[in-house]
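Student: fold the following, please.
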Amino acid sequence: MSDRKYWESLLEPGILAVVGAGGKTTVVSKLGAVAVSLERPVVVTTTTKMGSEQVAPWNPYYGDDVTLGESHIVEQMKRGQMGSWFQAVAGHKVVGLDPELLDTLHERHPDWSIVVEADGAKTKWLKAPKSHEPVIPTKTVTTIAVVNMQVLGKPLTEAYVHRIEEVQAIMDIPLGDRITPEGVVKLLRHDNGIFQYAQGKRIVFCTGCDTVDSTVVDAFLQALQSLPLHKVVLANGYGENCCIQRILTWQ
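Tutor: Numbers count the residues shown, from 1 in each chain. Down below sits the predicted model:
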């Protein structure tokens, strides 16, 4: 399959929540762009925060009025563009929408793909959530957990890890120890880990596969075997250059 076909296979009507660290905005942006190229209705938003400069090219609607927001998105789609909606601008960040509003939008437009950045990681490569994170709408059909493969083999330090105390508690290793595939899988498996509050199907999206040895990728895939996943995505590159190499169906 081609890269575009791989991205297309991840798109579906309904709410797609993207969580984790090390490439969430890349995944959200690419899914939105591919949907537009396929002339499919798509909305991109967040339930946390995103960079205001990142979202500015999407011509977003700002506010919490459902009727006005919906009208803006419909007009964008008529122009062959991606719909985008946030609550407000706060400095260099945009504030996301309440998950209940996105559930309502899905009920009103069940054929739309609503792609949601539902987690924050302070640009780090790995994280565990606090009790209020991620912010995932109830009607989410698929939760996509981003794992940056570059973190494997790195030391457990704040240079690479957000919410390091929570990560350390789940991995149960000393600070400074090497982050292993088995340790990251612990984060994916744990009730209070990366998939906390996940809804619908579960996909692990591995970014940065081209930056590590193939034996590292193989070790991670082996460690994932015990998890009840829908798919595992292996991707190279970053941003617009992110390219899916393989999608493995788990069950």
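Student: strands of the chain, residue ranges please.
Tutor: Applying DSSP state E to the chain gives strands spanning 14-20, 42-46, 49-51, 61-62, 83-86, 88-90, 93-95, 113-117, 126-127, 140-148, 161-162, 201-207, 231-236, 243-249.
Student: reformat the ones you listed as TSV; add distance to Ile173 and mean neighbour count.
Tutor: Heads up, the C-betas are built off the backbone N, CA and C, glycines and all. Below are these laid out as TSV (distance: least, Cβ to Cβ, whole Å; neighbours: other Cβ atoms under 10 Å):
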stretch	distance to Ile173	mean neighbour count
strand 14-20	19	26
strand 42-46	31	28
strand 49-51	30	17
strand 61-62	43	18
strand 83-86	38	27
strand 88-90	36	12
strand 93-95	32	20
strand 113-117	29	27
strand 126-127	13	26
strand 140-148	17	25
strand 161-162	11	23
strand 201-207	21	24
strand 231-236	24	21
strand 243-249	27	16
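Student: show the contacting residues for the residue lying closest to Gly20 once chain neighbours are set aside.
Tutor: Counting by Cβ to Cβ, 6 or more residues apart in numbering, Gly20 lies nearest to Val146, which is 3.8 Å off, once chain neighbours are set aside. By Cβ atoms under 8 Å, 6 or more residues apart in numbering, the contact list for Val146 reads 18-24, 27, 205, 207.
Student: how about 10 Å then?
Tutor: Val146 is in contact with 18-28, 117, 119, 121, 125, 194, 203-207, 233, 235, counting by Cβ atoms under 10 Å, 6 or more residues apart in numbering.
Student: one step back: for Leu187, which of the strands of the chain is the nearest?
Tutor: When the strands of the chain are compared by Cβ to Cβ, strand 126-127 sits nearest Leu187, at 7.4 Å.
Student: pull the distance from the closest one to the chain's centre.
Tutor: 12 Å (Cα atoms, centre = their mean, to the nearest Å).
Student: from the contact counts, what lies against it?
Tutor: Counting contacts by 3 or more Cβ pairs under 10 Å, 6 or more residues apart in numbering; DSSP states H and E, strand 126-127 packs against strand 14-20, strand 161-162, helix 164-171, helix 181-189.
Student: of all these, which lies closest to Glu240?
Tutor: When the helices and strands packed on strand 126-127 are ranked by proximity to Glu240 (Cβ to Cβ), strand 14-20 comes first, at 16.6 Å.
Student: chain center to the closest one, what's the gap?
Tutor: With Cα atoms, centre = their mean, you get 6 Å for strand 14-20.
Student: that strand pairs with which strands?
Tutor: strand 113-117 (parallel), strand 140-148 (parallel) (DSSP bridges).
Student: just give me the neighbour total for Asp111.
Tutor: Look at Asp111: counted by other Cβ atoms under 10 Å, it has 9 neighbours.
Student: pop out the phi and psi values for it.
Tutor: According to degrees, to the nearest 10, the main-chain angles of Asp111 amount to phi -90, psi -10.
Student: check contacts around Leu97.
Tutor: 43, 45-47, 63-64, 69, 85-87, 105, 114, 116, 135, 137.
Student: now with 6 Å, please.
Tutor: Taking Cβ atoms under 6 Å, 6 or more residues apart in numbering, we find Leu97 in contact with 45, 87.
Student: so what's Trp125 up against?
Tutor: Trp125 makes contacts with 21-22, 148, 150-151, 160, as judged by Cβ under 6 Å, 6+ apart.
Student: Ala21 too?
Tutor: Ala21 makes contact with 121, 124-127, according to Cβ under 6 Å, 6+ apart.
Student: any idea how far Val115 is from it?
Tutor: Distance, Ala21 to Val115, by Cβ to Cβ, to the nearest Å: 17 Å.
Student: kindly report the same for Tyr238.
Tutor: Note on Tyr238: its distance to Val115, by Cβ to Cβ, is 18 Å.
Student: please apply the same query to Pro228.
Tutor: Remark: distance between Pro228 and Val115 (Cβ to Cβ) = 23 Å.
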